[in-house]
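>>> Fold the stuff below for me.
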Amino acid sequence: MEIVWYGHSCFKLSERNLSVVVSDPFDKSIGYALPKLKADIVTVSHDAPGHNNVGAVKEARVINGPGEYEIGGVFITGVATQRDNGDKKKKVETKNTLYVFDFDGITVAHLGDLDHVPTQAQVEEMGNVHVALVPVGGGGGLNSSQAAEVISLIEPAIVVPMHYKTEDTNLKLDPLNKFLKEMGLGTVKTEDSLNVKKGSLPEETHVVVLEHKH
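Next comes the predicted model:
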């Protein structure tokens, strides 16, 4: 299967003869330019301009909450994660849905704007994850040290960082190198896309940095 990054938290996941998925499409306020996309499924982790621009994806069925879905051969599990924002007066919770996509035995987890280390029950609900798309730049999502802790819990074969500062976004986020340093890595070569085959997954967790598509 192929994974393409469009910036921020937006990816396209595709496998021959199965539904095409686009995750967390953003609007132009984020700073990236999102091309016209066509997919069978679009998922929304939470209701915010950086994640819910479903109008940018043509002909797609929208999934925007927890549950189990099966569309065009792709099995999707939406896991609710939310956290009290600490304001006892308002009692507002940050809602987020992370999604696990099963493409004929290859599983990809998109963590959305997860902002805390999930519970053991939530990790178990995700099941076995081959590829994890992980927010690493703070802001509304995990910071670099939290991301490293979550990765150690999930134990994916491949990690693709997302939701971090680049020259194309005006959001206040940490840069990628902070996360790479947390993972004990130096400079990592960027790839145009990620092609995943079940028989060739690395035994130890491998970080893949994608170049965002314009």
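>>> partner strands of the helix or strand bottoming out on mean pLDDT in the chain, parallel or antiparallel?
Taking mean pLDDT, DSSP states H and E as the measure, the helix or strand of the chain with the lowest value is strand 74-84, at a mean of 85. Strand pairing for strand 74-84, using DSSP bridges, gives strand 67-71 (antiparallel), strand 93-103 (antiparallel).
>>> Quick one: closest of these to residue 27.
strand 93-103 (18.3 Å; CB to CB). C-betas here are computed from N, CA, C, even on glycine.
>>> circling back: worst mean pLDDT among the strands paired with strand 74-84?
Lowest mean pLDDT within the strands paired with strand 74-84: strand 93-103, a mean of 88.
>>> Okay, buried residues for it please.
Buried residues in strand 93-103, counted by 16 or more other CB atoms under 10 Å: 95, 96, 97, 98, 99, 100, 101, 102, 103.
>>> now these as JSON lines including distance to residue 13?
Shown next, in JSON lines, are the buried residues of strand 93-103 (distance: CB to CB, whole Å):
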{"residue": "95", "distance to residue 13": "23"}
{"residue": "96", "distance to residue 13": "19"}
{"residue": "97", "distance to residue 13": "16"}
{"residue": "98", "distance to residue 13": "14"}
{"residue": "99", "distance to residue 13": "10"}
{"residue": "100", "distance to residue 13": "11"}
{"residue": "101", "distance to residue 13": "6"}
{"residue": "102", "distance to residue 13": "11"}
{"residue": "103", "distance to residue 13": "7"}
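>>> which of the residues in the least confident helix or strand of the chain are buried?
74, 76, 77, 78, 79, 81.
>>> Columns distance to residue 177 on top of those residues, output as TSV?
Formatted as TSV, the buried residues of strand 74-84 follow (distance: CB to CB, whole Å):
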residue	distance to residue 177
74	34
76	33
77	32
78	32
79	30
81	27
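>>> ok, so of those residues, who is nearest residue 50?
residue 81 (17.0 Å).
>>> re the thing from before, just tell me which of the strands paired with strand 74-84 ends up closest to residue 201.
strand 93-103 (13.1 Å).
>>> Roughly how far does the most centrally placed residue in the chain sit from residue 43?
By CA atoms, centre = their mean, the chain has its centre lying nearest to residue 110, at 3.2 Å. Separation of residue 110 from residue 43 (CB to CB, to the nearest Å) stands at 7 Å.
>>> Then residue 70?
Distance from residue 70 to residue 43, by CB to CB: 14 Å.
>>> Among those two, which residue is more densely surrounded?
Neighbours per residue (other CB atoms under 10 Å) separate residue 70 from residue 43, with residue 43 holding more: 29 against 10.
>>> show me what contacts that one?
By CB atoms under 8 Å, 6 or more residues apart in numbering, the contact set of residue 43 is 21, 22, 23, 24, 62, 63, 64, 76, 78, 97, 99, 110.
>>> do residue 105 as well
Taking CB under 8 Å, 6+ apart as the test, what residue 105 contacts is residue 198.
>>> Which single helix of this protein contains the most residues?
helix 144-154 (DSSP state H).
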